[in-house]
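> Here is my input; please provide its structure:
(one chain, ligands or ions: 2)
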Amino acid sequence: MTDLPPGLRQRLDRELDFVGLQPVAEAASSDGETSKTLFALPDGSRLEAVLMRYERRRTVCISTQVGCAMGCVFCATGQMGFLRNLTPGEIVAQVMAFARRLGADGDRLTNIVVMGMGEPFHNYDATLAALDRLNDPAGLGFGDRRMTISTVGLVPAIDRFASERRQINLAVSLHAATDELRTRLLPVNRRYPLSALFDACRRYVDATHRRITFEWALIDGVNDGLEQAQALAGLAARLTCHVNLIPLNPTGAYPGSATTRQKAHAFAEELRRFGVPATVRMRRGIDIQAGCGQLATQAGSRAAKT
Ligand code: SAH
Ligand code: SF4
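Numbers count the residues shown, from 1 in each chain. Ligands and ions are numbered 1, 2, ... in the order given. The predicted structure follows:
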């Protein structure tokens, strides 16, 4: 940057750390709508982020950790274990990489979802610092309402998020409506069981007047029975919420398989019958392991195979 005065150049060198997020591999789904990028960090860690182009939406799905400590049994990131937290700069850099790429095509990002590798509320400060920077008019000026954070359900962090009254959307990964089943799938349920989680969700909705989204990956013969839909309807009664149902995406170390289309729709119908809005979502990017819960990287990985 020889166009800058030498004093400023020295100061930049001293005070700024440029994030070296290098794209090292790229994969595009056969329908061309989803692309996944593997990035390498200077310390040798690797992470994945995904761009989805669907109709007029351009959504980037970003990671907040290398690996994840939560150990959800059906998730490739959980199967690789926890390596480290990402810094705010490393989180922002993922968005910028895709924003620049779209910009070069005369296109632009419309949504950011924090649903990649890692549990964002287990790296709360860095995640929110990154989203604040992206929201800052001096930064990308990206609207909070077009950002969504997905959490496995860390109750104290949900309360903190509620108290900060942000406009960022909140999604909670539920996947089961009875403690026995949820603990089997999501070990964190032992620490924050459903009653505590739903109390926190109610506090969030009361404090923010925002709708909460629940995510539910339908696993054949495991959590796709109508009795689970009924239990969920009981928990979610009179709560401003929406349930997103997606058939399970396959991962290396989990033997379960996706529910059938028919059972997914029956589950959604049962929820609606009890007044709980629900949508069956399309699976995307499965052929390149870019679907929900399929992101993992080789370094330190026990079970994933990207
Ligand atoms: N850690 C956060 C965000 C990343 S995971 C969370 O758990 O919410 C993003 C979403 O993918 C979560 O809803 C998670 O439960 C879901 N997911 C994980 N593995 C999946 C799989 N194999 N099939 C479908 N969804 C999966
Ligand atoms: Fe972590 Fe989310 Fe995967 Fe669970 S589903 S292991 S919280 S990334």
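
> which ones are touching the residue of the stretch 151-300 of the chain found nearest ligand 1?
Of all residues in the stretch 151-300 of the chain, the one sitting closest to ligand 1 is G293 (1.7 Å; C-beta to the nearest ligand atom). C-beta coordinates here come from the backbone N, C-alpha and C atoms, glycine included. Contacts for G293 (C-beta atoms under 8 Å, 6 or more residues apart in numbering) come out as C72, F74, C75, A76, T77, G78, A217, L248, N249, T251.

> now these as TSV including distance to ligand 1?
Below are those laid out as TSV (distance: C-beta to the nearest ligand atom, whole Å):
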residue	distance to ligand 1
C72	6
F74	4
C75	3
A76	7
T77	7
G78	7
A217	4
L248	4
N249	4
T251	5
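
> Greatest separation within those: which pair is it?
Greatest spatial distance in the contacts of G293: T77 and L248, 14.6 Å, computed using C-beta to C-beta.

> who has more neighbours, these two?
Neighbour totals were compared for T77 and L248, and T77 leads with 29 against 24 (other C-beta atoms under 10 Å).

> So that one belongs to a strand, correct?
No: applying DSSP: H, G, I helix; E, B strand; the rest coil, one finds T77 to be helix, outside a strand.

> Per-residue confidence, the closest residue to ligand 2 within the stretch 201-306 of the chain, what does it come out as?
Here the stretch 201-306 of the chain gets closest to ligand 2 at one residue, G293, 5.6 Å apart by C-beta to the nearest ligand atom. The per-residue pLDDT reported for G293 equals 85.

> The residue of the stretch 151-300 of the chain closest to ligand 1 belongs to a strand?
No: assessed with three-state DSSP, G293 is coil; it does not lie in a strand.

> List phi and psi for it.
phi 80, psi 0 (degrees, to the nearest 10).

> Then V19?
Dihedral pair for V19: phi -80, psi 120, per degrees, to the nearest 10.

> give the contact list for it.
Contact analysis of V19 by C-beta under 8 Å, 6+ apart lists T87, G89, E90, V92, A93.

> Show me which of those residues are buried.
The neighbour-count criterion (16 or more other C-beta atoms under 10 Å) marks T87, G89, E90, V92, A93 among the contacts of V19 as buried.

> where exactly do the helices run in the stretch 101-250 of the chain?
Along the stretch 101-250 of the chain, counting by DSSP state H, counting those that start in this stretch, helices occupy 124-135, 155-163, 179-185, 194-208, 226-235.

> Need those in JSON lines (columns: mean neighbour count).
JSON lines is the format used below for these (neighbours: other C-beta atoms under 10 Å):
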{"stretch": "helix 124-135", "mean neighbour count": "20"}
{"stretch": "helix 155-163", "mean neighbour count": "18"}
{"stretch": "helix 179-185", "mean neighbour count": "16"}
{"stretch": "helix 194-208", "mean neighbour count": "18"}
{"stretch": "helix 226-235", "mean neighbour count": "18"}
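
> what about these, which gets the closest to A28?
A28 lies closest to helix 124-135 among the helices of the stretch 101-250 of the chain, at 24.7 Å (C-beta to C-beta).

> Which strands or helices does that closest one pack on?
Under the contact definition 3 or more C-beta pairs under 8 Å, 6 or more residues apart in numbering; DSSP states H and E, helix 124-135 sits against helix 88-104, strand 111-114, strand 147-151.

> and E15, how many residues sit next to it?
For E15, the number of neighbouring residues by other C-beta under 10 Å comes to 7.

> ok, S257 - contacts?
The contact partners of S257, by C-beta under 8 Å, 6+ apart, come to I219, D220, L248, P250.

> Kindly export stretch 209-228 (C-alpha atoms) in PDB.
Extracted in PDB, the C-alpha atoms of stretch 209-228 (Å, rounded to 0.1, in the frame of the first residue of the first chain):
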ATOM      1  CA  HIS A 209     -42.000  -9.800  20.700                       C
ATOM      2  CA  ARG A 210     -40.200 -11.700  18.000                       C
ATOM      3  CA  ARG A 211     -41.200 -15.100  16.600                       C
ATOM      4  CA  ILE A 212     -38.900 -18.000  17.500                       C
ATOM      5  CA  THR A 213     -38.100 -20.700  14.900                       C
ATOM      6  CA  PHE A 214     -37.700 -24.300  16.000                       C
ATOM      7  CA  GLU A 215     -35.700 -26.700  13.800                       C
ATOM      8  CA  TRP A 216     -36.400 -30.400  13.600                       C
ATOM      9  CA  ALA A 217     -34.500 -32.900  11.500                       C
ATOM     10  CA  LEU A 218     -36.900 -35.800  10.900                       C
ATOM     11  CA  ILE A 219     -35.200 -39.100  11.400                       C
ATOM     12  CA  ASP A 220     -37.100 -42.200  10.200                       C
ATOM     13  CA  GLY A 221     -38.600 -44.100  13.000                       C
ATOM     14  CA  VAL A 222     -36.800 -42.000  15.700                       C
ATOM     15  CA  ASN A 223     -38.500 -38.600  16.000                       C
ATOM     16  CA  ASP A 224     -41.000 -38.500  13.100                       C
ATOM     17  CA  GLY A 225     -44.000 -40.100  15.000                       C
ATOM     18  CA  LEU A 226     -47.200 -38.200  15.600                       C
ATOM     19  CA  GLU A 227     -46.700 -38.600  19.400                       C
ATOM     20  CA  GLN A 228     -43.600 -36.400  19.100                       C
END
